[in-house]
Each structure stands twice: as C-alpha cells, then as structure tokens.
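1. Need the 3D shape of this:
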Amino acid sequence: MTGTAPTLDQIRDFKGKYPKQLWYLFGTEMWERFCFYGLRGMLTVFMVTQLDMGEKAANLQYGAIQAFVYAFTFIGGVFADKILGFQKSLFWGATLMILGGFIIAMAPQDYFYIGICFNIIGTGFFKPNISTMVGQLYKDGDGRRDAGFGLFYAGINLGAFLGGLAMVWIGKGYSWRLAFALVGIVMIISLINFVWRRREFGPIGLSPLHPDLSASKRKGYEIAVYIGSLITLPAIYKMVTNTEYTDLFMYIIGPLTLVYLGWEMRRFNYAENMKLLAAMVFVIFSVFFWAFFEQSGGSLSLFALYNLEDNLLGVTIDPNSVNNSANSLFVIAFSAPLGLLWLWLNKRKKEPNSVVKFGLGFLLLGAAFYIFKSTFGFANAQGITSLEVFTLAYFVITFGELCLSPIGLSLMTKLSPVKIHGLMMGMWFLASAYGQYIAGLLGAGLATPGEYVLTVQVPEEEGLMSSRTIAWKDTSGTTMTFDKMEIVLTTKEADTSRIEWKAVPSAEFTVAKINAAQDTIAWKVTEIPNNGSATLSLPSKLMARKDMEASIAPRSIERLKCYTDGYGKLGLYALIAGVALILISPLVRKLMREVH
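-> As a prediction, the model looks like this:
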C-alpha cells in the first residue's frame, strides 16, 4: 500500500466504538484461528482413529501438544519485545504455520509430529503479538478497550467456528490430507490480509531495538532469532513425542518464568509492581479455568466421537463438528452484545470489576459441567446420549468464557508496563499452557477408567474346539467395577484378513458366526471385577493362531458414566474457585488501584 503511515496519537484518537485497525487485526486473527481451532479439534480424533492411540495416551498427547503451543507464546512474546517487534514476529509465525500444515498434508500418519512442531513454534510467534497490538490501539484508561477486545474475540471465534466445523468433518468424512492442507492454505490468506494493511498500524509493532543500532546488527539479531527457532525443532519433536519430557519441561518453564518476571520488576515502581501482582492472581486462576475448559479438545472430543447421537434439533450433523464449533458460534452471537452491556454499565458506574467477572466465569463454567454430567440421564442402553443437552452445556460455558477470556487479554495490557506488554501477554498464554497440560492429565483420567494388562494362553491340544484363557489385571489402581466390559481378541497375519472376536465375560457363553473373518462371543453377565480371567472356546480352525492379541475396556455406557461422573467433579471445583475469587475481590482491587 502507498501513503503516509499514521502516528500513534492519530490511531488512538478514533471516533466511535472501534478503531479501523482493529478490523484489520480481526481479519488476520480470524483466519489464523480457523487453522488453530480446526487443528485442535482434529487432534484426539486423528490420534485415536488414525494413529491407533488409546484414549488415555491421546489425552496426554493432546495436553502435551497444546501445552507446548501455549508455552511457546511466552517465548515468542519475549523475542517480539526484545528484538523482532510484533509485526515481524507475526510474519515469521505465520510462515512457520504454513509450512507445518503442508508438511502434515504430505503424509499425515508419517509427518504428523514434524508438522505439529512447526505449528507450535509458529503459533508462539504469532498469537501473543497480535493480541498485544490490539491493546496498543487504545490510550490508558480508555473505557472502550474491553469492547474492542470483545470484538477481537468475536473474530477469533468466527475463525474457530468455521475451522472447527469444517476441518474435522473433512478429515473424518473425506480426506485427512486435505484437512491438514487447509492449515497452510488458510494461513496464506491470513498473512496476505496482514501484509496488505501493515502500513495502517504506524509505529505499533515495529522493532524495539534502539534506533541508533546499525542496520547490519539489527538484521543479525533478527536472523539469529529465525535460525534459533528452527534449531529448536528437534528438541520440540523429542518433547512432544514423549510426554515424560513434557512433564519435565512444565516443571522447569513456570519457575523460570516467574524468576524472569521478578528480574524485570526491578525496573518498575511500587504501584506498577502491585498491578503486576494483581495480574498474577488472574494468571494463576486462569490455569484452572483452562484446565477445565480445554476438555473440549480432549475428553469431550472423545465423548463426542463415541457417546453422542448425530442429530441436533432434527438435523443430522457430526457430533465432533458440534463439539468443535458450538462454543464459537455462541461467542459470535453474544460477545458484542455483552461488550456493549459492559459499556452501558460502565457509564452508569455499575459494571462488575474484573475480579468479579472472573468469578462469574468460574460459576458459569461449573454450571456447564453439571449439564455435561446430566447427559448420562438421557443416554440409551448403548451409552449414546443427547446432542441437544451436550450443546446446551456449551451455551452456558460460553458466557463463562466471555466473562474471563477477553477480559483477561485486556487486563494483561492494563496491568503491565508498556515495556513488558509482550512478556505479560506471553505469561497469559503460558498460564493457558499449564491449563492445557493439566487438561490432558484430567482427560486421561476421565477417558480411561483403568489400564488393563491382558495375557492370552495359547492351547497345545488339537481338536474340534480350542480355547484361550484370558486374564486381565487393572494396573491403574482404580477401585471401579463395571456391569459389563468388552474383551476384544484380534489376530492379524500378512496373508489373511483381520479376525476379531468381541466378548462380554461371564460364566456362560454362546458362539455366533457373523462372517468368515469375524466371530462374536456373547457372555451373560451381571458384574465382573477389574481383575479376573475367563476361558473362550471356538472352533479350532479359527483359534489355532499364534498371533492372538487381546484388549479390554468398559462398554460405551460404562465409559459414559466415567466421563459424566468426572465432569460433575470438575463442575464442583469450578464453583468453589468462582466463590473464592468473588470473596478475595476487594484485596485484588487494592492491588489494581485505579484499574477497573
């Protein structure tokens, strides 16, 4: 584009509710969030159905990937603050995300983790810096800031709605390669939108390096950041593919971040440091909010895959698409009206303060998880439950999110000095990283009632009937038992079709032939313990295989019970956190001083 770039004062002296630059950032972020949330909504489904992961492993892997995505937003924020500036950081992040999408699309099952690593670094450079640019469009004390972040948040969710609705549907129903390729295609659109409007941001997001620094040194620092971020790829790959390394990383990065923040706080006065302490209260509570909320990409994604009907108000629709997009649709519908409500209340000096808003967010989150729990009462005998009730929970959870997330983004810029805006925005997303990490741990517990070790005894005798003795032992330490469980026996040889037998253990059984490649053994049962054994008898021509494997898991209805009981506990914890925040709001307000 041509023309003179506006000054910072000209940008901030806008008329009306929103500056025009906000709309440009809205478009750039919308397409990036299409990719991010579309990819997020595919992760656990892809890992379970295409990479043959168990539910527990998929939840842990989901938590690890998402944790690294958000952890690297902190690192990206630091480099933007110190060297690149927000604009170049955004450009570099988008480029890496484009590469990541196309790498996975080449061979999803082979290159999945390589492409994910590119996306982790790319999001780290992109996400915190565009949010910080939104904050810099406003003067300190501008009452329109929260409404601006509300509109920006609607842009995030428009992209999230489109990506969440489309990408998992394309992956499951048509082509996983195409679904992952959309990440690269749509990020190109996002990048073009930003580059086309770049001049309109004037000095916002330019390099923070001292103006007296020579051009060659500036370029050298920037190239060092680009090369350094690429050099980290093997280490990220190692950590992402091994969740034990994720644990170690999370144990280290948080304390180091707090030490670094403490070092930076030496430069600020008492009032500024008190505001930073208030910001840390919001950061800490947000960890727990996201740990519960982010079940949507983990355990709730598997819940939708296995336990939801495919009918919503008479319309046939993929439950995973609903799980990935319902929340975003509700945010689109209600974020702007809620932002205007805050403005209306602000003019009348009746707007709830930010701490109370956070508390309300937790209360609504708790109510939503109790609705998730209630879906058990709507399930049929096969453990398939109501998509309408499930969607109602997302309707409630949306208002909890709107009370917290856009306000949180705004608070990080309100409460932190300009020199560390990128750092504090990165800390906000680092809190999300810990939330994602804990979400994976919680989801693994919900999705997997036990870890079963099974042994299959191969008989020596020949005859018309052969047997397999199957012993199962729960090594997870759980004390749960189930009315019915399924044992799945599988055989697989190079020159034959896969043969699978499904059994529900008890003392009596019958044999029912389904087809040449599959037999089902149905046992009558009232209850079995988590540790036990059973003997199967089948025609020897089918059982005389040496490659027999076995697995065991609760039936769908028992899996549903585990999910819903867990969601009830999460709902209780969220309600407790909400009440605690409201009770301590006067103390936090003192730390915040004049900030509303």
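2. So E351: helix, strand or coil?
-> The three-state assignment at E351 reads coil, by DSSP: H, G, I helix; E, B strand; the rest coil.
3. How far off centre is whichever helix in the chain runs longest?
-> As assigned by DSSP state H, the longest helix anywhere in the chain is helix 556-592. Put simply, helix 556-592 sits 18 Å off its chain's centre (Cα atoms, centre = their mean, to the nearest Å).
4. Could you number the chain from 878 rather than 1 from now on?
-> Fine by me, first position is 878 from now on; the one you just mentioned is helix 1433-1469.
5. Which elements pack onto it?
-> Judged by 3 or more Cβ pairs under 8 Å, 6 or more residues apart in numbering; DSSP states H and E, helix 1433-1469 is in contact with helix 1147-1170, helix 1176-1184, helix 1231-1251, helix 1298-1324. Placement of C-beta: from N, CA and C, glycine included.
6. remind me which residues of the stretch 1078-1227 of the chain are low pLDDT?
-> For the stretch 1078-1227 of the chain, residues meeting the criterion pLDDT under 70 lie at 1082, 1087.
7. Which positions in stretch 1150-1168 come out as buried?
-> Across stretch 1150-1168, burial judged by 16 or more other Cβ atoms under 10 Å covers 1150-1153, 1155-1160, 1162-1168.
8. re the thing from before, what about the longest helix of the chain, average pLDDT?
-> What helix 1433-1469 shows for mean pLDDT is 85.
9. Buried residues of that helix, list them for me.
-> Result for helix 1433-1469 [16+ other Cβ under 10 Å]: buried residues 1433-1441, 1443-1445, 1447-1448, 1450-1452, 1454-1455, 1458-1459, 1462, 1465-1466, 1468-1469.
10. next one: stretch 1221-1238
-> E1228, P1229, S1231, V1232, V1233, K1234, F1235, G1236, L1237, G1238.
11. Surely the last one and I1274 touch.
-> Yep, that's G1238 we're talking about. No: checked against Cβ atoms under 8 Å, the pair G1238 and I1274 is beyond contact range at 9.6 Å.
12. Quickly note the distance from the closest residue to S1309 other than its chain neighbours to Y1314.
-> Nearest residue to S1309 in three dimensions, chain neighbours excluded: Y947, at 4.3 Å (Cβ to Cβ, 6 or more residues apart in numbering). According to Cβ to Cβ, to the nearest Å, Y947 stands 9 Å off from Y1314.
13. What of A1092?
-> 41 Å.
14. now do V1072
-> 34 Å.
15. Comparing those two, which residue is more hemmed in?
-> Y1314 (28 against 15; other Cβ atoms under 10 Å).
16. so what pLDDT did that one get?
-> pLDDT at Y1314 comes out at 90.
17. Same check on K894?
-> In this model, K894 carries a pLDDT of 72.
18. Strands of the protein, start to end?
-> For the chain, strands defined by DSSP state E occupy the ranges 1188-1189, 1192-1193, 1329-1334, 1342-1351, 1362-1368, 1376-1381, 1385-1392, 1395-1401, 1409-1416, 1426-1431.
19. between the buried residues of stretch 1221-1238, which is nearest V1060?
-> In terms of Cβ to Cβ, no member of the buried residues of stretch 1221-1238 lies closer to V1060 than G1238, at 29.8 Å.
20. For L1452, see how far away the closest one is.
-> 12 Å.
21. N1197 too?
-> Taking Cβ to Cβ, one finds N1197 at 28 Å from L1452.
22. One more: I1209?
-> Taking Cβ to Cβ, one finds I1209 at 27 Å from L1452.
23. would you list the buried residues of stretch 1221-1238 in JSON lines and tack on distance to W908?
-> As requested, the buried residues of stretch 1221-1238 are exported to JSON lines (distance: Cβ to Cβ, whole Å):
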{"residue": "E1228", "distance to W908": "32"}
{"residue": "P1229", "distance to W908": "33"}
{"residue": "S1231", "distance to W908": "30"}
{"residue": "V1232", "distance to W908": "34"}
{"residue": "V1233", "distance to W908": "34"}
{"residue": "K1234", "distance to W908": "29"}
{"residue": "F1235", "distance to W908": "29"}
{"residue": "G1236", "distance to W908": "34"}
{"residue": "L1237", "distance to W908": "31"}
{"residue": "G1238", "distance to W908": "27"}
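24. Format those as a markdown table; extra columns: pLDDT and distance to L920.
-> As requested, the buried residues of stretch 1221-1238 are exported to a markdown table (pLDDT from 0 to 100; distance: Cβ to Cβ, whole Å):
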| residue | pLDDT | distance to L920 |
| --- | --- | --- |
| E1228 | 78 | 38 |
| P1229 | 79 | 35 |
| S1231 | 78 | 32 |
| V1232 | 83 | 33 |
| V1233 | 85 | 34 |
| K1234 | 86 | 30 |
| F1235 | 86 | 28 |
| G1236 | 88 | 31 |
| L1237 | 90 | 30 |
| G1238 | 90 | 25 |
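25. which residues touch L1206?
-> Neighbouring residues of L1206 by Cβ atoms under 8 Å, 6 or more residues apart in numbering: N1034, F1038.
26. at 7 Å instead, please
-> F1038 (Cβ atoms under 7 Å, 6 or more residues apart in numbering).
27. Tell me if I'm right that L1300 and F956 touch.
-> No: at 10.4 Å, L1300 and F956 do not qualify as touching, with contact defined as Cβ atoms under 7 Å.
28. I'd like to know how far the nearest residue to T1000 once chain neighbours are set aside sits from I1261.
-> Closest residue to T1000 apart from its sequence neighbours, by Cβ to Cβ, 6+ apart: V946 at 5.1 Å. Separation of V946 from I1261 (Cβ to Cβ): 32 Å.
29. Neighbour count for those two, which is higher?
-> V946 (25 against 18).
30. where's the more buried one relative to G1032, distance?
-> Taken as Cβ to Cβ, the span from V946 to G1032 is 19 Å.
31. Could you check how far the closest residue to F1029 other than its chain neighbours is from G1050?
-> Using Cβ to Cβ, 6+ apart and skipping residues adjacent in sequence, the residue nearest F1029 is V1011, 5.1 Å away. Remark: distance between V1011 and G1050 (Cβ to Cβ) = 36 Å.
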